[in-house]
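S.K.: compute the structure for the input listed below.
(chains A, B, C and D)
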There are 2 protein chains.
Amino acid sequence: MARTLKDIASELNVSVSTVSRVVNNCDNVHPKTRKRVLGALKKYNYIPNQVARSLKKNYTETIGIIIPDISETFFAQIIKGIDEVLSNRNYSIILMDSNESPEKEEHYLKLMFQNRVDSLVLATVSKEHSALNMYISNNIPVVFIDNIPNLDYDIDCVIINNQKASIMAVNHLIGNGRKDIAIITGNPLETTGYERLEGYKRALRQNNIPVNSNLIKYGNYKEDTGYSCMKELIEHRAENPFNGVYIISEKMTYGAIKAIREHGLTIPEDIALVGFDIHDKSGLITPGITSICQPENDIGKIVAELIIKRLKEKAKSGKVSGIRQRIILDPILEVKVSSQPE
Amino acid sequence: MARTLKDIASELNVSVSTVSRVVNNCDNVHPKTRKRVLGALKKYNYIPNQVARSLKKNYTETIGIIIPDISETFFAQIIKGIDEVLSNRNYSIILMDSNESPEKEEHYLKLMFQNRVDSLVLATVSKEHSALNMYISNNIPVVFIDNIPNLDYDIDCVIINNQKASIMAVNHLIGNGRKDIAIITGNPLETTGYERLEGYKRALRQNNIPVNSNLIKYGNYKEDTGYSCMKELIEHRAENPFNGVYIISEKMTYGAIKAIREHGLTIPEDIALVGFDIHDKSGLITPGITSICQPENDIGKIVAELIIKRLKEKAKSGKVSGIRQRIILDPILEVKVSSQPE
DNA sequence: TATCTACATGCAAACGTTTTCAGTACCATA
DNA sequence: TATGGTACTGAAAACGTTTGCATGTAGATA
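M.R.: Predicted coordinates:
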């Protein structure tokens, strides 16, 4: 089985260049020659060696994705969106799952660079982003999703309007007659956690409801902290009563519901609840959970388009030029039963 | 910013070979030289070019994974398992999502080969596997998961004992007092669908219950067919009564539950139900769904270990030798409420 | 001191492509 | 027939590594 251009070339007594030109559909090769070569390519089932090609052309047609947890539907759907757009253009995706670990993330940043990905999509879990310097200084476009780090240079990112998400959630609860609304949020030092908390406060103020700091609990996005935060809230219910709660991550929402049930309280009668990123298309969870949702598929597609744009720029001018973009999408409020009036 | 071995070498007035030897930790380089080189590598933050390395060494330290749907927890968890093992060894994963399309799968098989992955993990959705020939004839180890194709040569695969899974499910229902048990299965021309159906029949026979072909429905693993199959079953309930059902995929289980609810029937009182691959760690679905579960994380790890083994063989003898393995794991029955006695 | 060994280093080829450059052959035009 | 242009082809360098081989040098031994 012939494997390389050289094999095909010597088989046909033509030069490697000619075969290469046929493979790449260049002009200036005689129709007759082209036909012969195409025949041989098919006969030997030739498939080009992308590794050699990449070395020569100085790009790999590969993009890297580093995310904290592929088993979260949110990230899986984003990847599907990216894949949809990129696979048509023969790009391949190298995927790494940092498992919420900053150390692993840093290791993967190096490994991705070593693989010379053309571009990187990053949902960071780290506070420290010096490893990104090699991407920046080598003109490799980076796109952030989900969480934006605090950097002193501009970056591309595709996120949702987190303040707006909270405002929608809180206004919805207020509209359904709840005034005492608790929040379980994330780390306020990260943009995601910060913005969602800010939106919550803004919505309360706009409705002339005082912000009660005892009703603000900080978790880490994972299920157990959702559980413990809700437990605390319930146990101090006498001093700090509340009849609505807004939880800013999928897993924390699950934990919180568990805690509410364990305390024998009912949703929405005792506590009206709005969650985040709840995917229950088949309506199996009862009561149905009202939730802020993100347009994952759109995010993925937009990320892919942005990357393509950046790579085109780079191909043209040699640099990633253009002003970096913060693309901010609108969240969606999916209303179900968990937030209904008493 | 120096980028290549050459840059570092000329900076220090040593040869490229010497720098390469330091990078790769070879012996026979003078401690003093090594120190100088290490200093420069650090100073310039050198990261080797995997593309060039791959071309020379004829392997890429890359493995390909093609699956039908990354948003299914089952596949996501397998990938996490593979990643856990492989990332320690500096392997990278190239992921492609065939989106249940045989055409896309075939395209991806070519693209993966073009990328010269060292090994391939495939959850196939196709009946046609000629595209695999290039892997076989080029000695690239392939591991099947989830579904085994009918090939005339031996293949490596890691799956669960599907007959046993069905036997566990059906015996459980019988033990809980159900005798008239329906099944919603997959395409019996695929091993997965076939084996799960066979197990169902065997379990009934072992319990001296006649197999009623009117209680066997064939879906395609997706939600809507679960729904329609269950609807059919319910509508012919007068002629073919049943009080238990076993459904062999996650999404079909959801669809079936939806249909049962729409008909005003209750689980488990009217119909006791055992599903498949239901991941509801937080117990949000009520009633809790009894389900056959697969040890995804183990599957992933075993797949990774198998690949490593094959690649070692290949490195030694130049061929993927050794007898191909069918590694068959035990399914797990997670008992919750949906299958309880009346 | 002469010889031998072991260590340290560099040279150059090779991996499979792409692409520039130069060259050849052919055809049309004047 | 001479001239010019066009269409086609091939040689060779380059991409950034690894590695076999040759070479050189230093220390040890006789």
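
S.K.: how about stretch A:21-35 against chain B, any contact?
M.R.: No: figure legend: stretch A:21-35 not in contact with chain B (CB under 8 Å from any CB of the partner chain); closest approach 11.5 Å. Yep, even glycine has a C-beta here, placed from its N, CA and C like the rest.

S.K.: likewise stretch A:180-195?
M.R.: No: under the criterion of CB under 8 Å from any CB, chain B is not reached by stretch A:180-195; the shortest gap measures 14.7 Å.

S.K.: ok, residue A:172 - contacts?
M.R.: Contact analysis of residue A:172 by CB atoms under 8 Å, 6 or more residues apart in numbering or on different chains lists A:274, A:290, A:333, A:335, A:339.

S.K.: out of those, who's the most crowded?
M.R.: residue A:274 (33 neighbours; other CB atoms under 10 Å in any protein chain shown).

S.K.: and the residue nearest to that residue when sequence neighbours are not counted, what pLDDT?
M.R.: Once flanking residues are discounted, residue A:274 sits nearest to residue A:169: 4.4 Å by CB to CB, 6 or more residues apart in numbering or on different chains. Per-residue confidence (pLDDT) for residue A:169: 98.

S.K.: assumed residue A:169 was part of a helix.
M.R.: Yes: assessed with DSSP: H, G, I helix; E, B strand; the rest coil, residue A:169 lies in a helix.

S.K.: was I right about it contacting residue A:333?
M.R.: Yes: between residue A:169 and residue A:333 a contact is recorded at 6.8 Å, counting by CB atoms under 8 Å.

S.K.: overlap in contacts of these two?
M.R.: With CB under 8 Å, 6+ apart as the test, residue A:169 and residue A:333 both reach A:274, A:292.

S.K.: quick one: residues contacting residue A:275.
M.R.: A:247, A:250, A:253, A:256, A:289, A:290, A:291, A:292, A:338.

S.K.: same question for residue A:38.
M.R.: By CB under 8 Å, 6+ apart, the neighbours of residue A:38 are residue A:22.

S.K.: distance of it relative to DNA strand D?
M.R.: 12 Å (CB to the nearest atom of the strand, to the nearest Å).

S.K.: does that residue count as helix, strand or coil?
M.R.: Per three-state DSSP, residue A:38 ends up helix.

S.K.: let me have the contacts of residue A:172 in a markdown table, adding pLDDT and secondary structure as columns.
M.R.: Below are these laid out as a markdown table (pLDDT from 0 to 100; DSSP: H, G, I helix; E, B strand; the rest coil):
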| residue | pLDDT | secondary structure |
| --- | --- | --- |
| A:274 | 98 | strand |
| A:290 | 98 | strand |
| A:333 | 98 | strand |
| A:335 | 97 | coil |
| A:339 | 97 | coil |
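
S.K.: thinking again about what came up before, quick check: of the contacts of residue A:275, which lies closest to chain B?
M.R.: Nearest to chain B, judged by CB to the nearest CB, of the contacts of residue A:275 is residue A:289 at 8.2 Å.

S.K.: neighbours of the nearest residue to residue A:129 once chain neighbours are set aside, just the number please.
M.R.: In this structure, residue A:129 finds its nearest non-sequential neighbour in residue A:149, 5.2 Å apart by CB to CB, 6+ apart. Using other CB under 10 Å, residue A:149 is surrounded by 16 other residues.

S.K.: and residue A:149, what does it touch?
M.R.: A:124, A:126, A:127, A:129, A:155, A:191.

S.K.: partners of the residue positioned nearest the centre of chain A in the sheet?
M.R.: When CA atoms, centre = their mean is applied to chain A, the residue found nearest the centroid is residue A:145 (4.5 Å). Taking DSSP bridges as the rule, residue A:145 bridges to residue A:158.

S.K.: strands of the stretch 201-342 of chain A, start to end?
M.R.: A:216-218, A:244-247, A:272-276, A:290-293, A:326-329, A:332-334 (DSSP state E, counting those that start in this stretch).

S.K.: direction included, what does the first one pair up with?
M.R.: Based on DSSP bridges, the strands next to strand A:216-218 in the sheet, each with its direction, are strand A:181-185 (parallel).

S.K.: how about the contacts of residue A:172 in JSON lines, adding distance to residue A:173?
M.R.: Below are the contacts of residue A:172 laid out as JSON lines (distance: CB to CB, whole Å):
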{"residue": "A:274", "distance to residue A:173": "6"}
{"residue": "A:290", "distance to residue A:173": "9"}
{"residue": "A:333", "distance to residue A:173": "11"}
{"residue": "A:335", "distance to residue A:173": "11"}
{"residue": "A:339", "distance to residue A:173": "6"}
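
S.K.: tell me the phi and psi of the residue nearest to residue A:129?
M.R.: Here is the backbone geometry of residue A:149 (degrees, to the nearest 10): phi -80, psi 160.

S.K.: burial check on residue A:95, number of neighbours?
M.R.: Residue A:95 has 24 neighbours, counted by other CB under 10 Å.

S.K.: beta partners for it?
M.R.: Here residue A:95, judged by DSSP bridges, has bridge partners residue A:65, residue B:93.

S.K.: other SSEs contacting the biggest helix by length in chain A?
M.R.: Longest helix of chain A, by residue count under DSSP state H: helix A:296-317. With contacts taken as 3 or more CB pairs under 8 Å, 6 or more residues apart in numbering or on different chains; DSSP states H and E, helix A:296-317 sits against helix A:73-87, strand A:119-122, strand A:142-145, strand A:156-160, strand A:326-329.

S.K.: can it be said to contact DNA strand C?
M.R.: No: shown here: helix A:296-317 not in contact with DNA strand C (CB under 7 Å from any atom of the strand), separated by at least 10.7 Å.

S.K.: and that helix with helix A:73-87, angle?
M.R.: 40 degrees (axes from the mean of the first three to the mean of the last three CA atoms, to 10 degrees).

S.K.: interface residues of chain A facing DNA strand D?
M.R.: So chain A meets DNA strand D at A:13-18, A:21, A:27-34, A:52, A:55-56, A:58 (CB under 7 Å from any atom of the strand).
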